[in-house]
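**Student:** Generate a structure from the sequence data that follows.
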Amino acid sequence: MTSFLVHMLRTSAERNPRAEVVLHRERRITYGEMWSNVLRVAAFLREHGLEKGQRVALLLENSPEYIAAYYGALAAGGVAVALNSAAKMRDLANWLQHSGAAWLIVDAKHPEFSQITARYDGVGLRLVLVGDGNAPEPSHAHSWDDVLTTTPRVDALLDAAEEDVAAIIYTSGTTGRPKGVTLSHGNLSSNVASILQYLKLASMDRCLNILPFYYSYGNSVLHTHLAVGGSLVLENSLAYPHKILERMAKEKVTGFSGVPSTYSLLLNRTRLSDYDLSALRYMTQAGGAMAPAQIKRLKEELGHVDFYVMYGQTEATARLTYLPAEKLFDKLGSVGIPIPGVEILICDEHGNPVPNDVAGEIHARGNNVMLGYWNDPEASRHVLRNGWLKTGDIARRDQDGYFYIEGRRSDMIKSGAHRINPKEIEEVIAELDAVAEVAVVGVSDEILGQTIKAVIVPRVGAELSAMAVQAYCHKNLAAYKIPKHIEFVTELPKTASGKVMRYLLSDQKALNQELSL
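**Tutor:** Residues are numbered from 1 along each chain as shown. The predicted structure follows:
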């Protein structure tokens, strides 16, 4: 049987080929058109030598082309490697090398396009260019028009077993050890089935999506809606929140998903009551804790909308728990109960389950848990134990079986919709000759949840300014990874074993007190 996702898309297309699958800017694409384009992508890749299991990297913004490329790669037996479109060349090159990608389907308007083509034109990576860019097209590249003129062929589809690799999602870009979460076809289908069960999605649902498809949350929104024959209204920027709400009203959107900063922008920069959102049925939130006060405020303005708080990890394909909408205020602050098909235990440091109301690490088990990290058995063994995923997140379970996140062992910074590994930024800043030591942490921010702070120990006698650090970061990192706050200190607070006490770096008063001792 073909990939579950491909099969569901095909079923949706055969059931109602004229239904709209995606609305992007002025374009409205039907299921019949999308399915034909998926077959064209699959046939093109197969005709040009793609073998089962080879990686097909995507460097595209959310668009009909992204969807056709992703599903076409799966249909042809390939592995989809969706790359962060905001990343700089150093990260992109790292991910492409680590994944061993055979193909890259790239937006010709991407800011790093010239560097990409200069490095890979005719050398080890086959390119497909989407759209017209300002830079000259490389000689060895194919165009998206080449793909769309390929004859769609059902016989280009390859069967996929549940255990076959379907996708790799990179959660960090450190040059030393990138983490590529490896997801099987079974992982993706399990995640979709569970979410459909509690959200009760159907073909009449229309979701306005602002979440990048290259992140697990956006990836999940994409697959669940296509599986039921629903529609996705794509908006790729939150710069003008009122435009988002205008589109939701115009298109009679029934669903919306966001991270805490998304809802902060909508609540603080618009008046929701000014827009006709009567068609809106549900909203979902994940990607970090949303303040209960904001949830209450949102429900005061949109009382008819079911609001689902959710928790998950990329390593679990996307989702681990959800808070039923009817329990929102009874269990305010909770991330809910396990999604269908998932088991969760709260364990001590030795892996033994703890009683209710005692904090411990979340361990999860289910068919949605990843195969492991791509080409990194050591890192995989660290988090996968006897079928259980060690999440690194600390939580407690109440007497009714509802989970509450208490904290995170991971140092990962959550800023808006982005997940940022501080080591990536530290590596870049440490390249400056004037830097002796550096540590990067997240600090609380009302809008983004967290912003980035770099604490730097300059080399003795060296001159270094915050502006110089930010300028260097701007050359080598995506905009959302550039530290907003930069502080210079004479030393970093450390434990007796030499580990930096990062929690002190987020608290200025505690840091000053520690360094004055």
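
**Student:** Scan this protein for its longest helix.
**Tutor:** In the chain, ranked by residue count with DSSP state H as the criterion, the top helix is helix 31-47.

**Student:** Tell me which other helices or strands that one touches.
**Tutor:** Judged by 3 or more CB pairs under 8 Å, 6 or more residues apart in numbering; DSSP states H and E, helix 31-47 is in contact with helix 4-15, strand 20-24, helix 64-75, helix 144-148. Placement of C-beta: from N, CA and C, glycine included.

**Student:** closest to Ala293 out of those?
**Tutor:** strand 20-24 (33.5 Å; CB to CB).

**Student:** which outside residues touch that closest one?
**Tutor:** Identification of contacts with strand 20-24 by CB atoms under 8 Å, 6 or more residues apart in numbering yields 12, 28-31, 33-34, 62-64, 67, 226, 231-234, 251.

**Student:** re earlier: for the helices and strands packed on helix 31-47, which one ends up most surrounded?
**Tutor:** Across the helices and strands packed on helix 31-47, averaging neighbours per residue (mean count of other CB atoms under 10 Å) puts helix 64-75 on top, at a mean of 27.

**Student:** average pLDDT across the next helix or strand after that one?
**Tutor:** For helix 64-75, the following helix or strand on the C-terminal side (DSSP states H and E) is strand 79-82. Averaged over strand 79-82, pLDDT sits at 98.

**Student:** Partner strands of strand 79-82 and their direction?
**Tutor:** Here strand 79-82 has these sheet partners by DSSP bridges: strand 55-59 (parallel), strand 165-170 (parallel).

**Student:** and the helix or strand following the last one, which strands flank it?
**Tutor:** Downstream of strand 165-170, the next assigned helix or strand under DSSP H and E is strand 180-184. Looking at strand 180-184 with DSSP bridges, its paired strands and their directions are strand 165-170 (antiparallel), strand 372-373 (antiparallel).

**Student:** Which entries within the contacts of strand 20-24 meet the buried criterion?
**Tutor:** Burial by neighbour count, 16 or more other CB atoms under 10 Å: within the contacts of strand 20-24 this picks out 12, 29-31, 33-34, 62-64, 67, 226, 231-234.

**Student:** now, among those, which is nearest to Asn476?
**Tutor:** Distances from Asn476 to the buried ones among the contacts of strand 20-24, taken as CB to CB, are shortest for Asn62 (25.2 Å).

**Student:** Show the contacting residues for the closest one.
**Tutor:** So Asn62 contacts 24, 209, 212-213, 218, 234, 236 (CB under 8 Å, 6+ apart).

**Student:** OK, contacts around Ser184?
**Tutor:** Residues counted as contacts of Ser184 (CB under 8 Å, 6+ apart) are 162-166, 370-371.

**Student:** any idea how far Leu74 is from it?
**Tutor:** Distance, Ser184 to Leu74, by CB to CB, to the nearest Å: 12 Å.

**Student:** quick one: common contacting residues for those two?
**Tutor:** Counting by CB under 8 Å, 6+ apart, the residues touching both Ser184 and Leu74 are Ala166.

**Student:** re the thing from before, which positions in the longest helix of the chain come out as buried?
**Tutor:** In helix 31-47, counting by 16+ other CB under 10 Å, buried: 31, 33-46.

**Student:** Next: stretch 383-402.
**Tutor:** 383-384, 388-397, 402.

**Student:** now do stretch 248-265
**Tutor:** 248-249, 253-265.

**Student:** measure it end to end?
**Tutor:** Start-to-end span of stretch 248-265 (CA to CA, to the nearest Å) is 15 Å.

**Student:** sorry, back to before: Throw the strands paired with strand 180-184 into a markdown table and include mean pLDDT, thanks.
**Tutor:** Formatted as a markdown table, the strands paired with strand 180-184 follow (pLDDT from 0 to 100):
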| stretch | mean pLDDT |
| --- | --- |
| strand 165-170 | 97 |
| strand 372-373 | 98 |
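
**Student:** Format these as TSV; extra columns: distance to Ile452 and mean neighbour count.
**Tutor:** Putting these into TSV (distance: least, CB to CB, whole Å; neighbours: other CB atoms under 10 Å) gives the following:
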stretch	distance to Ile452	mean neighbour count
strand 165-170	19	24
strand 372-373	24	20
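
**Student:** Quick one, which of those strands gets closest to Asp433.
**Tutor:** Taking CB to CB, strand 165-170 is the member of the strands paired with strand 180-184 nearest to Asp433, at 29.4 Å.

**Student:** Could I have the ChimeraX command that selects the buried members from the contacts of Asn62?
**Tutor:** In ChimeraX, a selection of the buried entries from these looks like this (16+ other CB under 10 Å):
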select :24,209,212,213,218,234
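
**Student:** Isn't Gly287 up against Tyr217?
**Tutor:** Yes - counting by CB atoms under 8 Å, Gly287 touches Tyr217, with 6.2 Å between them.

**Student:** Please identify every residue contacting each of the two.
**Tutor:** 259, 417.

**Student:** one step back: now go through the buried residues of stretch 383-402 and say which are in helices.
**Tutor:** Per DSSP H, the subset of the buried residues of stretch 383-402 in helices is Val383.

**Student:** min pLDDT across the buried residues of stretch 383-402, which one?
**Tutor:** Here the lowest pLDDT out of these sits on Ile394, with 88.

**Student:** how much space between the closest residue to Asp400 other than its chain neighbours and Ile337?
**Tutor:** In this structure, Asp400 finds its nearest non-sequential neighbour in Lys331, 7.8 Å apart by CB to CB, 6 or more residues apart in numbering. According to CB to CB, Lys331 and Ile337 sit 9 Å apart.

**Student:** Find the residues that touch each one of those two.
**Tutor:** Joint contacts of Lys331 and Ile337 (CB under 8 Å, 6+ apart) are 323, 402.

**Student:** Where do the domain boundaries of this structure fall?
**Tutor:** When the chain is parsed with automatic domain parsing, its domains come out as 4-189, 237-408, 414-516.

**Student:** Leu222 is nearest to which of those?
**Tutor:** Judging those by CB to CB, what sits closest to Leu222 is domain 4-189, at 6.9 Å.

**Student:** between the buried ones among the contacts of strand 20-24, which is closest to Lys179?
**Tutor:** Asn62 (22.9 Å).

**Student:** how near is the closest one to Gly77?
**Tutor:** Distance from Asn62 to Gly77, by CB to CB: 24 Å.

**Student:** returning to that earlier point: mind giving me TSV with the buried residues of stretch 383-402 and columns for distance to Ser278?
**Tutor:** TSV is the format used below for the buried residues of stretch 383-402 (distance: CB to CB, whole Å):
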residue	distance to Ser278
Val383	44
Leu384	46
Trp388	44
Leu389	40
Lys390	44
Thr391	38
Gly392	41
Asp393	37
Ile394	40
Ala395	36
Arg396	39
Arg397	37
Tyr402	31
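
**Student:** any idea which of the contacts of Asn62 is the one closest to Ser415?
**Tutor:** In terms of CB to CB, no member of these lies closer to Ser415 than Pro212, at 13.5 Å.

**Student:** Give me the pLDDT value at that closest one.
**Tutor:** The model's pLDDT for Pro212 equals 94.

**Student:** Over to Glu137?
**Tutor:** Reported pLDDT for Glu137: 76.

**Student:** and the residue nearest to it when sequence neighbours are not counted, what is it in contact with?
**Tutor:** In space, and not counting its chain neighbours, Glu137 is closest to Leu129: 6.2 Å by CB to CB, 6+ apart. With contact set as CB under 8 Å, 6+ apart, Leu129 has these partners: 106, 108, 137, 141-144.

**Student:** Does Leu129 lie in a helix or a strand, and which?
**Tutor:** Here Leu129 sits within strand 126-130, counting by DSSP H and E.

**Student:** ok, the nearest residue to Ser203 once chain neighbours are set aside to Pro292 distance?
**Tutor:** Distances taken as CB to CB, 6+ apart place Gly229 nearest to Ser203, at 3.8 Å, with adjacent residues excluded. Separation of Gly229 from Pro292 (CB to CB) stands at 36 Å.

**Student:** the more surrounded of those two?
**Tutor:** Applying other CB atoms under 10 Å to Gly229 and Pro292 shows that Gly229 carries more neighbours, namely 21 against 13.
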